[in-house]
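In: Sequence and predicted structure are below.
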Amino acid sequence: MHKNLFVTGIGTGIGKTITSAILARAVNYPYWKPIQCGDLHFSDEDRVKSLCPGVEVLPGRYRLKAPESPHAASNREGVEISLGDFSPPPGPTVIEGAGGILVPLNQRNLIIDLVPIFQASVVVVAQYYLGSINHTLLTLNELKRRDLKILGIVFNGEKNQESKDIILAHHTLPVLLELPVLADVSAESVGEYVEILRRTVHVHL
Ligand SMILES: Nc1ncnc2c1ncn2[C@@H]1O[C@H](COP(=O)(O)OP(=O)(O)O)[C@@H](O)[C@H]1O
Ligand SMILES: [Mg+2]
């Protein structure tokens, strides 16, 4: 059974970190960001620590300075990311990817290639914007084409029922959470969504 949860998004800046934080609290798993590119002064790990008091944050494998794709940020530092650098975390963990699923790690491999290594089920974070139906369906299609288990989808931000209906007409998937735009993002303000996600996730784990 898949216990690791791999949080990906339909793009970058889509809400993976906020979703990972809520999810880590909901299931009470540690959080792990294997590859961080940029924002090292206030990384995704730091943001999760502030949103998730009490949740363990595992040390990342790569901390790269440039706010670029992993293949480019690692190149800049003269290192090559290899799939062999990664192994599954010691216990069930919420793992945050970098960017979307087809982001390159190096000349050959993509972020999505880590999912089988981590033996993880995937949580897809989507947002509604012009072009987002296309990005969401492409992401879900590719995950299915590779026979990866999709635990469900999280819709983040302003709601669009019509877009949601189209996406779900193509993919029968649990909607784990619909997270509205929060006026402030804090450990307190995400609390009620931790409770909602806890209920939906446990049905599907
Ligand atoms: N539902 C939301 N309400 C308010 N701000 C949000 C929401 N979702 C994301 N954000 C903000 O948008 C930015 C990008 O979100 P983040 O979770 O870091 O995305 P990603 O990890 O995919 O890059 C962050 O500053 C985050 O706090
Ligand atoms: Mg992030």
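Out: Alright, I've got the coordinates. Ligands and ions are numbered 1, 2, ... in the order given.

In: Going by neighbour count, list what's buried in the helix or strand bottoming out on mean pLDDT in the chain.
Out: The helix or strand of the chain with the lowest confidence, counting by mean pLDDT, DSSP states H and E, is helix 191-204 at a mean of 93. Neighbour counts over helix 191-204 (16 or more other Cβ atoms under 10 Å) mark 193-194, 197-198, 200-201 as buried. No exception for glycine: its C-beta is placed from N, CA and C like everyone else's.

In: Could I get the contacting residues of Ile133?
Out: 163, 166-167 (Cβ atoms under 8 Å, 6 or more residues apart in numbering).

In: count of neighbours near the closest residue to ligand 2 within the chain?
Out: Using Cβ to the ion, the closest approach of the chain to ligand 2 is made by Thr17 at 3.5 Å. For Thr17, the neighbour count with other Cβ atoms under 10 Å is 23.

In: So that it lines up with my notes, have the first residue be 54 from now on.
Out: Yes, from this point I'll number from 54; that puts the last item at Thr70.

In: From ligand 1, how far out is it?
Out: Between Thr70 and ligand 1 the computed distance is 4 Å (Cβ to the nearest ligand atom, to the nearest Å).

In: Could you give the backbone dihedrals for the closest residue in space to that residue that isn't next to it in sequence?
Out: When the adjacent residues along the chain are set aside, Thr70 lies closest to Asp97, with 4.6 Å between them (Cβ to Cβ, 6 or more residues apart in numbering). When quoted as degrees, to the nearest 10, the phi and psi of Asp97 stand at phi -60, psi -40.

In: and Asp97, what does it touch?
Out: The contact partners of Asp97, taken as Cβ under 8 Å, 6+ apart, are 69-70, 73, 86, 89, 149.

In: Which of those residues fall in strands?
Out: 89, 149 (DSSP state E).

In: And the buried residues of helix 244-257, which is closest to ligand 1?
Out: When the buried residues of helix 244-257 are compared for distance to ligand 1 (Cβ to the nearest ligand atom), Tyr246 comes out closest, at 8.7 Å.
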